[in-house]
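Okay, sequence plus prediction incoming.
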Amino acid sequence: MMANFKGHALPGSCFLLLGLCWSVMYPLRHCWRRHQPKARQKLPLFFNRIDLIEGTLMIFFAFVGIMAEQFVPDGPHAHLYNRETQSWVKLMNWQHSTMYLFFSIAGVVKVLTMSPLPVPLGLDRLALSLAFFIEGLLFYFHVHMRPPLDTHIHSMLFVPVFGGAAITLLEVFMRDNIVLELLRTSMTILQGSWFFQIGFVLYPLNGVQWDLQAHDNTMFITMCFCWHLAVALLIVGINYWMGWCCVQRCSGRGSDIEIMMRKTSSSKKALLEESDEE
C-alpha cells in the first residue's frame, strides 16, 4: 500500500500525531514538576491517563496499518508464499506490516506499565526503541536498486529513525530526562512530516513527475530535509513555551487560592479569640 501517496500519508499521520502529543505532554509534565515542592513530586492521575491513551492509540494505529497493508485490493491478504508460482507474495506490504507489528508491541508494553503488573521500569522505552530500530532495518533493505532520488529521499529517514532508536534507548537508563524526551519528540515529528514529503515527491498530486535522476533534485531534497528538522524543533520549542506559560498561570491561581484560604482561616481565628475574650 505504501507504493502510493496514501500509503505514505498513513504512517506520516501516525508519527505526526504521536510527536505532537509528546510535544505537549512532556513540557507540561516537566514544568509541573519544576513548580512543585520536592515533597509533592508525585504526578497527578491526569498524566497517567495520557500515557494509557498514548499506548492505546499506538495499538490502534498499528492495527489499522497492518489491516491496510494486508487487505487492500492488491494486498497479500495474509498470504506470504504462493506455492503455484513458487514466489513470495507482496513482500513490501509484509515489510510494512512488520513495522506496524513492532509499534503495536510497544503500545502493549506501554499499556502494561500503567497496570498493576510488576513491569520493569524502562521496558516501555526499550520496546519503543526496538520498534524504531526494526523500522530503520526494514527501510535499509527497502530501497535497493531504485532511482537515485528515490533511494536518497528514503535514506533520509535513517536520521530520525535510528536517531529516535538511540535516544529512546538512552531513556531506558536516564528516565524522565526532558532533553532526551524533546529530542525523541523532534525526531518523531520529523519522521512524520518526511513521510508526507516522500509521498509528495514520488507521487505528486499535481501529476508533474520529478526527475529521479537529476542531481539538483537530490541537493534540494537534502536541503528540504534540514527545513523539516528546523520546523520540528520550532514546534517543540513553541509547545514547550506554551506548556511553561500554562503551568505558570495555573500555579499562580493555586497560590492565590492558598493565600485567600490562609487569610480566611486567620480572620476566623481572630474572631474566635475576640469571642473568647468577651
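Nice, I can see it. Predicted model, so just to flag it, every value in this text is computed and none were measured.

okay, CA-based contacts and neighbour counts for the rest of this
Noted.

ranges for the strands of the stretch 51-200 of the chain?
For the stretch 51-200 of the chain, the strands defined by DSSP state E, counting those that start in this stretch occupy 81-82, 87-88.

in its sheet, what does the first one sit against?
Right, the one you point to is strand 81-82. The sheet places strand 81-82 alongside strand 87-88 (antiparallel), with pairing taken from DSSP bridges.

if we look at the strand it pairs with, which residues are touching it?
By CA atoms under 8 Å, 6 or more residues apart in numbering, the list of residues contacting strand 87-88 from outside reads 80-82.

got it, and stretch 155-162?
Taking contacts as CA under 8 Å, 6+ apart, the residues outside stretch 155-162 that touch it are 132-133, 135-136, 139-140, 187-188, 190-191, 194, 222, 225.

Around residue 218, how many other residues sit close by?
Around residue 218 sit 19 other residues, with neighbours defined as other CA atoms under 10 Å.

what about burial for the contacts of stretch 155-162, which qualify?
Buried members of the contacts of stretch 155-162, scored by 16 or more other CA atoms under 10 Å, are 132-133, 135-136, 139, 187-188, 190-191, 194, 225.

Nearest to residue 67, out of those: which one, please.
Within the set of the buried ones among the contacts of stretch 155-162, residue 135 lies nearest residue 67; the separation is 17.6 Å, counting by CA to CA.

So the closest one sits against residue 99, correct?
Yes: Residue 135 lies in contact with residue 99 (CA atoms under 8 Å); the separation is 5.3 Å.

Number of residues surrounding residue 77?
Applying other CA under 10 Å, we find 17 residues neighbouring residue 77.

Which pLDDT value belongs to it?
Turning to residue 77, the model gives it a pLDDT of 89.

phi, psi of it?
Reported as degrees, to the nearest 10, the phi and psi values for residue 77 are phi 50, psi 50.

residue contacts, it?
With contact set as CA under 8 Å, 6+ apart, residue 77 has these partners: 70-71.

before we move on, back to that, with mean pLDDT added, can I get the strands of the stretch 51-200 of the chain in a markdown table?
Conversion of the strands of the stretch 51-200 of the chain to a markdown table gives the following (pLDDT from 0 to 100):
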| stretch | mean pLDDT |
| --- | --- |
| strand 81-82 | 90 |
| strand 87-88 | 92 |
